[in-house]
Each structure stands twice: as C-alpha cells, then as structure tokens.
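**Student:** sequence-free structure coming up:
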Ligand SMILES: C[S@@+](CC[C@H](N)C(=O)[O-])C[C@H]1O[C@@H](n2cnc3c(N)ncnc32)[C@H](O)[C@@H]1O
C-alpha cells in the first residue's frame, strides 16, 4: 500500500468515535483511514465503501486481522441504498476522503497520471462505460470547452480545444503521455505547473461525475446520521471544498464544527506531498 491516510488524527478526533458505534468510511480505498478507525475503537462496526473493485479486494486483505467491518462495493452517491441493504439503523459517523488514492495513480493502467504511460481511462469504477478516451476523442467542441473551463478552471480553452479537434481528426489520442505531451506543446502554464495538470483534473472530474456525486452523497450521508452523529469530509480542490462548505452551512440539521477548514500540519505535508491541498470540514447532526 502506498497511499498515506491524510490528517489521520484529525479524522479520528472529528469522528468522535464511541465504543459500540456504527461508522462508514465511504471512500475506504486500500484502507488507511479504516485501519486507524478500527485500531482506535475495538467495539465499533465499520462499513467500508468504495466504487473501485480493486480497492475492495485489497482492503479485505489489508484489514484481515479485524472482524468488525464489512466491505461494500458502490458509490457514496447511493449511500442510503447500499448501506440500507446491510443495516437499517442510523449511523454515528461518516467519512468522505475525496478523489483518488496514490495506489490508483501509481497504477499506470488506470490512466490517472500523465507521469505514467497508460491508457486514457481515469475511472474509479472500472465497470462504468465512460472513460477519458471517449471524452477526448469523441465529445464535441462545446462540451470540451465547458469542462476545461468549469472543472479545469482554464480561462480560455477555445484555442487548445480547436487544436485537439484538429489533431484527433488525423489521429486519435490513445495514451496519457501522448495527450499530456500534446497539451505541453500547445498550451502555456505558469512556471512550476505542468501544462496538462488542469486538463487531467477536468477529465477526472468529468469521467467520474465527481461534483454531482459529492452533492448527492452529502445529502444521503446527512440523512443516514443519527442525532449527534458526525460527518467528516476531506477535499483536495476548491470546487469540492465549496460544495462541502455550502452544504454544511445551509443544512438546517447540521452544526458546523470547523468554522475554517482544518489543514494538514507542515510536517505532514513534508512527509506526504499529496496532503498539501487537503482541507477537512466536519459537522454534527442536530
Ligand atoms: C483519497 S482515496 C481514499 C483513501 C483512504 N481514505 C485511505 O486512507 O486509504 C479516495 C477513494 O475514493 C474512491 N471514490 C471516489 N469517488 C467515489 C464515490 N463516488 N463513491 C465511492 N468511492 C469513491 C476512490 O476509488 C478512492 O479509492
């Protein structure tokens, strides 16, 4: 396992774990946070949810010394339904640790990273049909401009989108490096940022319908919580953070516990570069 669980101590603190409680790690991945939760309280029950089938297999193996957890394949946008099949009571705490894990990024065949040569894929759930290949090679001009503008926060993507359309008429894009190199040759970015970064982010958000899933998942999670139950969410970019902040603030049945988002300590960022953009927000059901 290469993924390091972000702000582990803060997650435990804000979940306010109680012996006898029922918890959900709704983005369990390979099990970093789940392990911390299970180690902290011996007499709880944890549902570990992820939409990545590989993660589901790995977490069973990684947590095999524990017996008080159940692994469920599924998306948190359907949290009520997938938990409802297993348990009908209310929940004491829910964790969302959004985005991808390093295990997924480091696996070149998943196509998340332009540092690795791989297929244009980017699906968390590999049973889903839509991949980044289809978006790059088949989506129309208007839609490409929209996603790069809104999900990549690229101010004027029109020119580069026209170049993508022109190039794919001659030859389709097949791999992550091929697409990233094409962007590098045709789009200028601020020093220190790889020109393909924002394009890959926009594609990942689109492939996995991340923002709509988050909005739905937050609603479902809130309904599942019992009075006094805790919701803890870690985001990695401003589009996600804005959704969580607004949802917690506007929900009449939630009390915000973090006026400002909790950020990782300098030491954690030094140890784990991936944590640098993490923001944790927590709320309590009232
Ligand atoms: C940052 S990783 C979680 C890492 C984990 N907390 C740990 O400490 O090992 C995010 C995980 O969320 C999963 N994921 C992303 N969107 C999801 C969704 N809508 N429903 C369920 N899982 C999702 C990804 O497959 C990935 O495994």
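**Tutor:** Structure received. The structure displayed is predicted, hence computed values, not measured ones. Residues are numbered from 1 along each chain as shown.
**Student:** can you check which strand is longest in this structure?
**Tutor:** strand 225-235 (DSSP state E).
**Student:** and it, which strands flank it?
**Tutor:** Using DSSP bridges, strand 225-235 pairs in its sheet with strand 91-97 (parallel), strand 279-285 (antiparallel).
**Student:** how about the residues of the stretch 51-200 of the chain that lie near the ligand?
**Tutor:** Proximity of the stretch 51-200 of the chain to the ligand, by Cβ under 6 Å from any ligand atom, involves residues 51, 52, 55, 75, 76, 77, 97, 99, 100, 101, 124. C-betas here are computed from N, CA, C, even on glycine.
**Student:** how about 8 Å then?
**Tutor:** Within reach of the ligand by Cβ under 8 Å from any ligand atom, the stretch 51-200 of the chain has these residues: 51-52, 55, 74-77, 95, 97-101, 103-104, 124-125.
**Student:** can you pull out the helices in this protein?
**Tutor:** 8-15, 32-40, 53-62, 79-84, 102-106, 132-138, 141-150, 158-170, 176-186, 197-207, 210-224, 238-250, 266-271 (DSSP state H).
**Student:** where in the stretch 1-150 of the chain is pLDDT low?
**Tutor:** By pLDDT under 70, the weakly predicted segments of the stretch 1-150 of the chain are 1.
**Student:** the residue in it that the ligand sits nearest to: what's it in contact with?
**Tutor:** Nearest residue of the stretch 1-150 of the chain to the ligand, counting by Cβ to the nearest ligand atom: residue 32, 2.6 Å away. Neighbour list for residue 32: 1, 3, 4, 5, 8 [criterion: Cβ atoms under 8 Å, 6 or more residues apart in numbering].
**Student:** isn't residue 26 up against residue 49?
**Tutor:** Yes: with contact defined as Cβ atoms under 8 Å, residue 26 reaches residue 49; the gap is 4.8 Å.
**Student:** now do the shared contacts for those two.
**Tutor:** 76, 79.
**Student:** now the longest strand of the chain: buried residues?
**Tutor:** For strand 225-235, burial by neighbour count (16 or more other Cβ atoms under 10 Å) applies to 225, 229, 230, 231, 232, 233, 234, 235.
**Student:** closest to the ligand out of those residues?
**Tutor:** When those are compared against the ligand (criterion: Cβ to the nearest ligand atom), the nearest one is residue 234, at 7.6 Å.
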